[in-house]
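# From the sequence below, what's the structure:
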Amino acid sequence: MAVITLVGLPGASGATSTALALLRTWPLEDGWRLVLAECDPDGGAVLPGALQSAVVADRGLRNLTESSRTQGLVTAFWPQLIALENDEKRSERNRLLLPGLTAMHQASSLAPVWGQLADLFTGIETHGHDVLVDLGRSGAFGPAGVLALGADAVLVVMRGTLRSMHAARSRIQALRALMDGDCGQGSGALGVLLIRQGPYGPREVQDEVGVRVVAVLPYRPEEAAVLSDGAFEGRGFMTSKLMSAARDASTPIRQMVASRRARVASPLQQRLMKAVTGAR
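Now for the predicted structure:
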């Protein structure tokens, strides 16, 4: 289906909480699974946040790097995943988390691995997996940036505040330059996920930063605290305004991916057709 990268901004724009909201609400066809990979070089936030350190940090990106030295990255990948289910009665392990680093210094050992991870995510995507990649606020501009360059969609998570607008303007400009470069797939894969806090709505944000606002999530701090800090999850949480909006956001995101893939594939298909007809 798709590899979708989320990029945050300075000041905790909400990228990880948004990624978790998408993970828990993303519609999955029978047999499909969704993986959220925490690839923020500054460290993961889900284990100490949403999971309240209830899960031992014995799996994740750091352990994947160590295990891959002896058994290969693909073989080492699957045992590092943690299943996150919305319904305790369900036995399927179809919403999976790759926990992030536990300390910033661990990122230095991952330099040769990021590219392999990008290839792995693309590979499992063709075998019934959607992949969400949380790059945090800095991951798109260092060695981990290869994960953004190879994604079907790169979504900047921002708020409608002046502070967020200022940070997003320069961040999106830099992302556009990288994605339109020789190693990128084009800035047509770039969009914004807007958290509706502050005076600027989708139209103002879109005009200011120069890329499309793909979806809008409401600013619901109490509901977001369940995702960011493991606050108590009431019975109606999955139908709350935040989670309902995240569920709705999957539709325009997938439409964006499908539209972009159609544009990218068309020239290739034309060349293949010419080659076939020419051979005749």
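# And the pLDDT for the residue lying closest to L132 once chain neighbours are set aside?
The shortest distance from L132 to any non-neighbouring residue, by CB to CB, 6 or more residues apart in numbering, is to L36 (4.6 Å). Any C-beta I mention is one placed from the backbone N, CA and C, and that applies to glycine too. Here, the pLDDT recorded for L36 equals 96.
# what do you get for G123?
89.
# so where do the strands sit in this structure?
Secondary structure of the chain (DSSP state E): strands at 3-7, 33-38, 82-83, 95-98, 129-134, 153-159, 190-196, 213-218.
# Adding mean neighbour count and distance to G234, write the ones you listed out as CSV.
Output for the strands of the chain, formatted as CSV (neighbours: other CB atoms under 10 Å; distance: least, CB to CB, whole Å):
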stretch, mean neighbour count, distance to G234
strand 3-7, 29, 26
strand 33-38, 24, 23
strand 82-83, 15, 22
strand 95-98, 24, 20
strand 129-134, 26, 25
strand 153-159, 26, 25
strand 190-196, 24, 21
strand 213-218, 20, 17
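# for those strands, which one sits closest to R69?
strand 95-98 (17.4 Å; CB to CB).
# what sits up against the closest one?
With contacts defined as CB atoms under 8 Å, 6 or more residues apart in numbering, strand 95-98 is touched by 23-24, 26, 28, 33-38, 46, 60-61, 64, 77, 80-86.
# quick one: the helices in this structure?
15-25, 61-71, 73-77, 114-125, 146-149, 162-179, 202-209, 221-229, 241-279 (DSSP state H).
# highest average neighbour count across those helices?
helix 15-25 (a mean of 25; mean count of other CB atoms under 10 Å).
# In terms of secondary structure, what does it contact?
strand 3-7, strand 33-38, strand 95-98, strand 129-134, helix 221-229, helix 241-279 (3 or more CB pairs under 8 Å, 6 or more residues apart in numbering; DSSP states H and E).
# how far off strand 190-196 does that helix point, in degrees?
On the basis of axes from the mean of the first three to the mean of the last three CA atoms, to 10 degrees, helix 15-25 is oriented at 90 degrees to strand 190-196.
# neighbouring contacts of helix 15-25?
6-9, 34, 36, 38, 40, 45-46, 49-50, 84, 86, 95, 97, 132, 134-137, 157, 193, 195, 217, 224, 227-228, 238, 242-244, 246-247, 249-250, 253.
# okay but G188 is in contact with R261, surely?
No: taking contacts as CB atoms under 8 Å, G188 lies outside contact range of R261: 10.3 Å.
# thought V156 was touching L9?
Yes: proximity of V156 to L9 meets the contact threshold set by CB under 8 Å, at 7.2 Å.
# who touches R59 in this structure?
By CB under 8 Å, 6+ apart, the neighbours of R59 are P79, Q80, L81, I82, P99.
# Okay, the first one and E222: tell me how far apart.
What that stands for is P79. 35 Å (CB to CB, to the nearest Å).
# sorry, back to before: name the residues linked to the residue nearest to L132 by a beta bridge.
L97, L132 (DSSP bridges).
# and it, what is it in contact with?
So L36 contacts A19, L20, L22, L23, V46, R95, L96, L97, L98, L132, D134 (CB under 8 Å, 6+ apart).
# if I look at the third one, how far off is R247?
Applying CB to CB, the value for L22 to R247 is 9 Å.
# so where's the protein shaky on pLDDT?
1, 56, 85-92, 265-280 (pLDDT under 70).
# you'd agree R212 is up against Q206?
Yes: applying CB under 8 Å as the test, R212 and Q206 come out as touching, 6.1 Å apart.
# so what sits against both of these two?
Contacts common to R212 and Q206, judged by CB under 8 Å, 6+ apart, are V192.
# if we can go back for a sec, among the contacts of R59, name the buried ones.
Q80, L81, I82, P99 (16 or more other CB atoms under 10 Å).
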